[in-house]
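Trainee: Could you work out the structure for the sequence below:
(one chain, ligands or ions: 1)
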Amino acid sequence: MPGKKIVVLGGGFGGVAAARTARSLLPAEHTVTIIDRNRVPRLCGMNPMLIVGERDVRKTGRSLGQLANRGIQFVESEIDSIDLPGRTVNTQSGVHEYDYLIVALGATYDWDAVPGSDLAYSFYSLETARRLRRRLSRFRRGRIVISVAAPPYKCPPAPFETAMMMNWYFRRQGIRRDSEIIVTIPEPAPIAVAGPDASAQLEQDLDRRGIELRTGVGVIAVAPSSMEAEYSDGSSIAADVIVTVPVHRVPKIVAESGLTDGKPWTPVNADTLETSTDNVFAVGDVNIVPFAEDRAVPKAGVFAAGQGENVAETIASRILDTAPPPAYDGSGECFLAYSSTQSALLGGEFLAQGGPQVALRAPTASGMRSKERFERDWRRFRI
Ligand SMILES: Cc1cc2nc3c(=O)[nH]c(=O)nc-3n(C[C@H](O)[C@H](O)[C@H](O)COP(=O)(O)OP(=O)(O)OC[C@H]3O[C@@H](n4cnc5c(N)ncnc54)[C@H](O)[C@@H]3O)c2cc1C
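Mentor: Alright, predicted model coming up:
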């Protein structure tokens with residue numbers, strides 16, 4: 001049997017999990033290649049703790065070059081376009097042919113969608129998180145507002161985890177009484193994707209810690225002074241530090257390839273994560289896997305990784321002519337740290353038969369140990 005070419009676009013959670021799994025299942029005559037512009041991706045999940053000095057910037061990355069030791073080729077290059085009829089990918093370092101394509105290019109941030117947000121603060125990339133960390137280290141009193149623009153956004157618990165970590169940090173600094181923390185979200189409830197029980201529990205936990213929550217309002221602009229945020233309902237909030245969660249979009253080259261069919265995200269078969277083009281799959285933030293009329297599997301690394309593994313199993317079964325894997329089940333858990341030593345867990349099985357089985361588990365020390373293990377495993381390419 002001639003060797004097949006499996007090409008993975010993007011070396012984030014989904015791409016690495018797909019490549020690792022494909023490599024472990026397939027004989028060496030089949031090649032597995034990851035293409036990414038970035039040799040050292042960062043674990044954004046560390047950012048809510050990093051902004052209060054609880055994570056080391058030097059330990060936030062892993063080098064994709066190390067994948068060569070595992071028989072996976074890594075090409076560091078900008079991907080310019082995907083040619084579906086030609087079964088090729090055009091990059092700045094040349095053209096790559098494929099038999100099976102896994103699109104794991106994540107989501108991009110549209111800062112222009114909220115004018116002024118590029119000059120305000122954020123924590124959605126390492127650069128913005130480092131800048132916020134410097135600001136918080138000087139913060140002594142005043143109001144901080146964390147505002148989400150529009151769903152969907154990566155890791156639905158992240159804005160609340162960030163508020164919880166600020167609360168913990170200001171208490172430790174002895175300045176909590178002089179500080180006010182407000183979170184605003186466009187959705188009617190926090191972590192609505194996990195259902196009403198989880199939302200109610202989180203609302204109570206925020207309230208107990210004196211963190212104000214305003215729902216149903218998306219941030220639409222930040223004043224040039226970066227001291228006032230404007231919202232979709234016509235209201236505004238003056239604050240000393242404005243932190244925004246940017247609008248997320250599908251990468252341009254994915255939209256231009258035709259894979260999105262004009263929709264905001266890449267539609268896929270929910271069981272196999274295959275796109276409308278045979279043997280072309282989309283995993284992670286780049287896709288949409290709905291499980292109810294108004295809800296979809298969250299954009300988070302654990303789900304991207306689970307999807308990558310499932311897709312690699314499907315591809316291996318097609319190449320080796322073996323039974324396909326069970327349908328993708330949408331399972332995974334995200335962390336929501338409440339302090340430096342306690343983390344809650346949010347997750348379950350989103351695509352379970354009979355409806356999602358999802359819960360928010362109370363913060364514990366063992367939750368934090370799991371979070372730390374997750375971070376270590378990620379750095380060692382175990383995830
Ligand atoms: C603050 C924050 C906290 C989070 N916390 C958690 C958490 O606790 N748990 C969790 O599971 N998830 C968390 N997430 C979400 C998680 O980081 C993402 O959901 C995950 O990274 C998505 O994986 P992916 O493989 O789909 O895409 P990504 O990891 O974004 O990877 C996409 C890759 O594609 C590459 N790429 C894109 N376009 C091109 C191009 N044209 N050419 C070349 N390369 C390209 C990029 O360089 C990137 O490496 C958090 C995110 C944030 C921002």
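Trainee: Go ahead and name everything in contact with the helix or strand Val75 falls within.
Mentor: Using DSSP states H and E, Val75 sits in strand 73-76. Strand 73-76 is contacted by residues 11, 31-39, 64-65, 67-68, 91, 93, 96 when judged by C-beta atoms under 8 Å, 6 or more residues apart in numbering. Every C-beta, even on glycine, is put in place using the N, C-alpha and C of the backbone.
Trainee: Kindly format the C-alpha coordinates of stretch 113-125 as PDB.
Mentor: Provided in PDB are the C-alpha atoms of stretch 113-125 (Å, rounded to 0.1, in the frame of the first residue of the first chain):
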ATOM      1  CA  ALA A 113     -14.700  44.900  16.200                       C
ATOM      2  CA  VAL A 114     -14.500  46.800  19.500                       C
ATOM      3  CA  PRO A 115     -12.900  50.100  18.800                       C
ATOM      4  CA  GLY A 116     -10.400  51.100  21.500                       C
ATOM      5  CA  SER A 117     -10.000  47.600  22.900                       C
ATOM      6  CA  ASP A 118      -6.500  47.200  21.400                       C
ATOM      7  CA  LEU A 119      -5.400  50.000  23.800                       C
ATOM      8  CA  ALA A 120      -7.200  48.600  26.800                       C
ATOM      9  CA  TYR A 121      -6.100  45.400  28.600                       C
ATOM     10  CA  SER A 122      -6.700  41.700  27.900                       C
ATOM     11  CA  PHE A 123      -5.400  38.300  28.800                       C
ATOM     12  CA  TYR A 124      -6.300  36.400  25.600                       C
ATOM     13  CA  SER A 125      -2.600  36.100  24.400                       C
END
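Trainee: Filter the contacts of strand 73-76 down to the ones in helices?
Mentor: Residues of the contacts of strand 73-76 located in helices (DSSP state H): none.
Trainee: Mind checking which of these are in strands?
Mentor: Of the contacts of strand 73-76, the ones assigned to strands by DSSP state E are Thr31, Val32, Thr33, Ile34, Ile35, Asp36, Thr91, His96.
Trainee: what pairs with the second one across the strands?
Mentor: The partner list for Val32 in beta bridges (DSSP bridges) reads Ile6.
Trainee: wait, isn't Asn279 in contact with Ile102?
Mentor: No: with contact defined as C-beta atoms under 8 Å, Asn279 does not count as touching Ile102 (9.8 Å).
Trainee: of those two, who's got more company?
Mentor: Applying other C-beta atoms under 10 Å to Asn279 and Ile102 shows that Ile102 carries more neighbours, namely 31 against 17.
Trainee: Quick one: the strands in the stretch 101-250 of the chain, in order.
Mentor: 108-110, 142-148, 179-184, 211-214, 219-222, 228-231, 236-238, 241-245, 247-249 (DSSP state E, counting those that start in this stretch).
Trainee: hmm, back to that, make JSON lines out of the ones in strands among the contacts of strand 73-76 and add pLDDT, distance to the ligand and neighbour count.
Mentor: JSON lines is the format used below for these (pLDDT from 0 to 100; distance: C-beta to the nearest ligand atom, whole Å; neighbours: other C-beta atoms under 10 Å):
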{"residue": "Thr31", "pLDDT": "98", "distance to the ligand": "19", "neighbour count": "18"}
{"residue": "Val32", "pLDDT": "98", "distance to the ligand": "16", "neighbour count": "28"}
{"residue": "Thr33", "pLDDT": "98", "distance to the ligand": "13", "neighbour count": "18"}
{"residue": "Ile34", "pLDDT": "98", "distance to the ligand": "9", "neighbour count": "25"}
{"residue": "Ile35", "pLDDT": "98", "distance to the ligand": "6", "neighbour count": "23"}
{"residue": "Asp36", "pLDDT": "98", "distance to the ligand": "4", "neighbour count": "24"}
{"residue": "Thr91", "pLDDT": "98", "distance to the ligand": "7", "neighbour count": "18"}
{"residue": "His96", "pLDDT": "98", "distance to the ligand": "12", "neighbour count": "20"}
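Trainee: Okay then, goodbye and thanks.
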